[in-house]
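*Asks:* fold the stuff below for me.
(3 chains)
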Amino acid sequence: MAKLSFPVGPQHPALKEPENLRFTVDGELVVDADIRIGYVHRSIERSCSERNYVQDMYLCERVCGICSNAHTLCYAMTCEKLADIEVPERAQYIRMLMHEFERIHSHLLWLGVAGHEVGFETLFMYVWRDREIIQDILEMVSGNRGHYAMTTLGGVRYDITPEMADRIREGLKVLRQRAERYADIATTEATFLKRASGVGVASGEVCRSLGAAGPTARGSGVPFDIRTAFPYLKYHTVEWQVRTSELCDVLGRTLVRVLEVIDACDICLQALDIMPEGDIQARFPRKVPEGEAIARVEAQRGELIYYIRSDGSDVPARVKIRTPTLANLPVSLEMLRGGQIADIPIAFASIDPCFSCTDRMVVLDDAHTGEARQMTWPELVKLGRQR
Amino acid sequence: MAQKYTIAAMAMELMESLLLRKRATVLYPVERLTPPERFRGRLRYDPEACNLCGLCQRDCPADVINVVRKRVEKEDGTKELTGHLEFEMDRCIFCGQCSHSCNSNAITFTREFELAQPDRELFMMKSGGPEVDEGECDADPDVSP
Amino acid sequence: MQVVTPLFHVLVFPGFLFLVAFGLFVSWVDRKLIAKFQNRVGPPILQPFADLIKLLAKEDIIPEHADRAMFAVAPLIALAGVVASIIYIPLWAPVALKAFSGDLIVVVYLLTLPAFALFLGGWYSANPFATIGATRVLSQLFGYEVPFFLACLGPAIAAGSWSISEITRAQDNGLWLISAAPLSFAVAMIALIGKLERVPFDIPHAKTEIVTGPEVEYTGRRLAVWKLAFLSETIVGAALIAALFLGGPHMWGLPYQAMPAWLTAIVGMVVLAVKILLIVFFLSLAQAAMARIRIEQMVQWCLLWLGIPALINMGVIAFVIRQVGA
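*Replies:* Numbering: from 1, shown residues only, chains lettered A, B, ... in the order given. As a prediction, the model looks like this:
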């Protein structure tokens, strides 16, 4: 059969967000893969320089619907570094709890989607059913199922009451059991194994050289986790370990994620017990002193970096966001090449891609010379509101 | 043999769902769940408590709030600052920052979540001040006149 | 009457209308069961019917570069093949509407028509997803067709006939042929999953990979015909397995001698319907319990784990018959 070229996306059932992948296939074998990003660019970084520090918090929260808390956390940490604010102990514990709750919900969401990608609808339904436990906890604590608005500059918005703590413990215990069950399914269910084992292979070396982050790298045996490499919040006060897998395939990444769910439950249960009483928010100045700062957190998908430069006013001069999906895209193409068509969805989904986090835009003046042109803010606004 | 065991285990779990478990979903219009206490639903504005400081307007990320300030001459000849807030609720992202910024507890969020309206105009909460006709507040019965 | 009666048989009962009505019901049972397995609510009973009406009312589009004739005729071939095959399957009595020696082979081949039609329809759709799906249909055909045929031969050899009606009548004494050919029965059931292209063998459709494959360009009426063809194939396939292995309309312990002929027919229909529903229950369970595997895994696994057991079972039956006969 002749070589066939076909697109996946911008609209495709396997993709939850619009992005264009182009494949060249020979029969069922993928010969080449290429990706084109930019379909959901929202110029968030530029918009951040138009709003004050408080407003930017909510804008950054909306970079991603799944890891919104990681974004606000990282943003707040950067601002606090700039303003040299010490966050109260209790607030740090609550931030850590939210961070781990979000990891649980995100990894479970991913596991369900992985089941869907390989046609295992029941796994999808069961995982999402059990994910409701953590969603209820998030809603109870923050008032919302997504975009929690929990983090605020200098601390957190809401406290965790003792009754809430009890309900969280209860929920997490059930969830931990279920997560262990899913670890069993992932390692022993015959049809799932057939689809996950040896699929989307990227060795540890490839991951290192292409700069993969988070569970994608850890699933290939790269033991890198910001939570231990550059400790933040209160991770040093609880017992846990960085999970890695030497399998280097979809199965390895699945295992890392499921084990991280179990770990996150343990971290939360420990944190609830050792959390000190006290304030939950420190005063944060309106105007932030001149300077620049960088903060990094381990979001569910990998390392998330924020850079903020302040010119002394109440509006940041520059906000730069490096999302984990952007780091994982090069290695994802490596996983797709040489695989099968049937493995495209699951192999690509195994990096847990989030495109609206990732999208970057370049405006070309001339497609032939490739010369870039700068767009002004009014132009961007006009483009954004065009219908 | 492990393989056979898991297919059997999966089948057991399926049969358990079929026969024993209650369904996980809720038949929405008939059955309703109550949102938790901290839920951010319909916005409630109390103009009596509001001191018109404008912090909420400054912090609102979606540019929903507009502060209307007026100087009203009293009967004894002194001037007094009055006014109210206007909300363009169709833009609201329900982050709750206004309520967090407010020092006088004038803005709170209720647990009411069914907020859809057929017309964009109905989202405008422009009532609240004595100069505004009460007829305009049908968008939001929660806003006290 | 010579024209009207066959027309009635083909179009109303047991042909098209009956198949569609029963097929829609079975599809509801299937969807509801899967929903219950997955802890969901599931659709109301008229949902499949409403879906059908919706499809019929929709715009019909033929892609610009598609082969118009092949594109249009493929779903009709599929449906015609399935509807024709029900004539030879015993539904209310051990004897089918029409029977001749060798109708088993005809039915088995009529039941492969949907797969071929699907291949043609997909191939001539001029769409890369449809093309990949079409090649997968054919690859998968090699995986399940041989074991399915071998499995059907088991009861045929045991009953000493190539006619489905004869095979069903041979089970009238209460000795269902599943007892003689348990391996063949298991093989036939699994091969039926492949034939109906359901999870774990829904590889040609695979919506997350190739967006329903060969059907991707079909809309409206033509898509409805495809859906009907597969619904009917579910019924016919299940009825065929019931007739070959489970005694067709026969049930133990029923006082057939004491019943008038019309009652026997009704009881026979109900018994067969229950058997079909049981087979569908198995199909739903399999669909809920597994993930979709890859095409090359499917073909390899089927030829190894379906082909060989079917052959063994057939060999044992032939050997026993030879010994007993001698």
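*Asks:* tell me where chain C has strands.
*Replies:* In chain C, no strands are found when defined by DSSP state E.
*Asks:* show me which residues of chain B sit near chain A.
*Replies:* Applying C-beta under 8 Å from any C-beta of the partner chain, one finds that chain B approaches chain A through B:2-3, B:5-7, B:10, B:13-14, B:24, B:35-36, B:38-40, B:58-62, B:93-97, B:100-101, B:109. All C-beta spots, glycine's among them, are computed from the backbone N, C-alpha and C.
*Asks:* these, buried ones only, as a ChimeraX selection?
*Replies:* Buried subset of those, written as a ChimeraX selection, criterion 16 or more other C-beta atoms under 10 Å in any protein chain shown:
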select /B:6,7,10,13,14,24,35,36,38,39,40,58,59,60,61,62,93,94,95,96,97,100,101,109
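*Asks:* for the residue lying closest to residue C:252 once chain neighbours are set aside, grab the count of nearby residues.
*Replies:* Leaving aside its sequence neighbours, residue C:252 sits nearest to residue C:174 (C-beta to C-beta, 6 or more residues apart in numbering or on different chains; 5.4 Å). Applying other C-beta atoms under 10 Å in any protein chain shown, we find 10 residues neighbouring residue C:174.
*Asks:* gap between the closest residue to chain A within chain C and residue C:46?
*Replies:* Nearest residue of chain C to chain A: residue C:292, at 3.0 Å (C-beta to the nearest C-beta). Using C-beta to C-beta, to the nearest Å, one gets 29 Å for the distance from residue C:292 to residue C:46.
*Asks:* name the next helix or strand downstream of the helix or strand of chain B with the lowest mean pLDDT, please.
*Replies:* Across the helices and strands of chain B, the lowest-confidence element by mean pLDDT, DSSP states H and E is helix B:2-19, at a mean of 70. Using DSSP states H and E, the helix or strand that follows helix B:2-19 in sequence is strand B:43-45.
*Asks:* returning to that earlier point: distance of the residue of chain C closest to chain A relative to chain B?
*Replies:* Look at residue C:292 and chain B: by C-beta to the nearest C-beta, to the nearest Å, they are 15 Å apart.
*Asks:* before we move on, what about residue A:313?
*Replies:* Residue A:313 is 13 Å from chain B, by C-beta to the nearest C-beta.
*Asks:* which SSE is the closest residue in space to that residue that isn't next to it in sequence in?
*Replies:* Leaving aside its chain neighbours, residue A:313 sits nearest to residue A:287 (6.1 Å; criterion: C-beta to C-beta, 6+ apart). Assigned by DSSP H and E, residue A:287 falls within no helix or strand.
*Asks:* still on that earlier bit, just the CA coordinates of the least confident helix or strand of chain B, formatted as PDB?
*Replies:* Written as PDB, here are the backbone C-alpha positions of helix B:2-19 (Å, rounded to 0.1, in the frame of the first residue of the first chain):
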ATOM      1  CA  ALA B   2      -3.500 -14.300  36.400                       C
ATOM      2  CA  GLN B   3      -5.100 -13.300  33.100                       C
ATOM      3  CA  LYS B   4      -8.200 -15.400  33.700                       C
ATOM      4  CA  TYR B   5      -8.500 -14.100  37.200                       C
ATOM      5  CA  THR B   6      -8.700 -10.500  36.100                       C
ATOM      6  CA  ILE B   7     -11.400 -11.100  33.500                       C
ATOM      7  CA  ALA B   8     -13.400 -12.900  36.200                       C
ATOM      8  CA  ALA B   9     -12.700 -10.100  38.700                       C
ATOM      9  CA  MET B  10     -13.800  -7.500  36.200                       C
ATOM     10  CA  ALA B  11     -17.000  -9.600  35.400                       C
ATOM     11  CA  MET B  12     -17.700  -9.800  39.200                       C
ATOM     12  CA  GLU B  13     -17.400  -6.000  39.500                       C
ATOM     13  CA  LEU B  14     -19.700  -5.500  36.500                       C
ATOM     14  CA  MET B  15     -22.300  -7.900  37.900                       C
ATOM     15  CA  GLU B  16     -22.000  -6.100  41.300                       C
ATOM     16  CA  SER B  17     -22.700  -2.800  39.500                       C
ATOM     17  CA  LEU B  18     -25.600  -4.300  37.700                       C
ATOM     18  CA  LEU B  19     -27.300  -5.900  40.700                       C
END
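*Asks:* give me the helices and strands touching it, please.
*Replies:* Helices and strands touching helix B:2-19, by 3 or more C-beta pairs under 8 Å, 6 or more residues apart in numbering or on different chains; DSSP states H and E, are helix A:121-142, helix A:162-188, helix A:190-196, helix C:16-37, helix C:261-289.
*Asks:* what sits up against that helix?
*Replies:* A:122, A:126, A:184-185, A:188-190, C:33, C:36-39, C:285, C:288-290 (C-beta atoms under 8 Å, 6 or more residues apart in numbering or on different chains).
*Asks:* what about burial for those, which qualify?
*Replies:* Among the contacts of helix B:2-19, the ones that count as buried by 16+ other C-beta under 10 Å are A:122, A:126, A:185, A:188-190, C:33, C:36-39, C:285, C:288-290.
*Asks:* intersect those residues with the contacts of chain B.
*Replies:* Among these, proximity to chain B is found for A:122, A:126, A:185, A:188-190, C:33, C:36-39, C:285, C:288-290 (C-beta under 8 Å from any C-beta).
*Asks:* checking my notes, residue B:98 in a strand, right?
*Replies:* No - read with DSSP: H, G, I helix; E, B strand; the rest coil, residue B:98 is helix and lies in no strand.
*Asks:* hmm, back to that, neighbour-wise, which of residue C:292 and residue C:46 wins?
*Replies:* Using other C-beta under 10 Å as the criterion, residue C:292 and residue C:46 rank with residue C:292 on top: 28 against 11.
*Asks:* excluding its backbone neighbours, what's nearest the more buried one?
*Replies:* Counting by C-beta to C-beta, 6+ apart, the residue nearest residue C:292 is residue A:119, at 3.0 Å.
*Asks:* near the one you found, how many other residues are there?
*Replies:* Based on other C-beta under 10 Å, the number of other residues close to residue A:119 is 29.
*Asks:* give me the pLDDT value at it.
*Replies:* Listed pLDDT for residue A:119 reads 83.
*Asks:* and the gap between it and residue C:291?
*Replies:* On the measure of C-beta to C-beta, residue A:119 and residue C:291 end up 5 Å apart.
*Asks:* mutual contacts of these two, please.
*Replies:* What both residue A:119 and residue C:291 touch, as defined by C-beta under 8 Å, 6+ apart, is the set C:199-200.
*Asks:* in chain B, what residue lies closest to chain A?
*Replies:* residue B:38 (3.4 Å).
*Asks:* ok, that residue touching residue A:160?
*Replies:* No - Residue B:38 is beyond contact range of residue A:160, at 11.0 Å (criterion: C-beta atoms under 8 Å).
*Asks:* list residues touching both of those two?
*Replies:* residue A:141.
*Asks:* can you report how many residues neighbour residue C:204?
*Replies:* 27.
*Asks:* now do the same contact list for it.
*Replies:* C:118, C:133-134, C:136-137, C:140, C:197, C:213-214.
*Asks:* go again with 6 Å.
*Replies:* Contact analysis of residue C:204 by C-beta atoms under 6 Å, 6 or more residues apart in numbering or on different chains lists C:133, C:136-137, C:140, C:197, C:213.
*Asks:* and for residue C:43?
*Replies:* Neighbours of residue C:43 in contact, by C-beta under 6 Å, 6+ apart: residue C:31.
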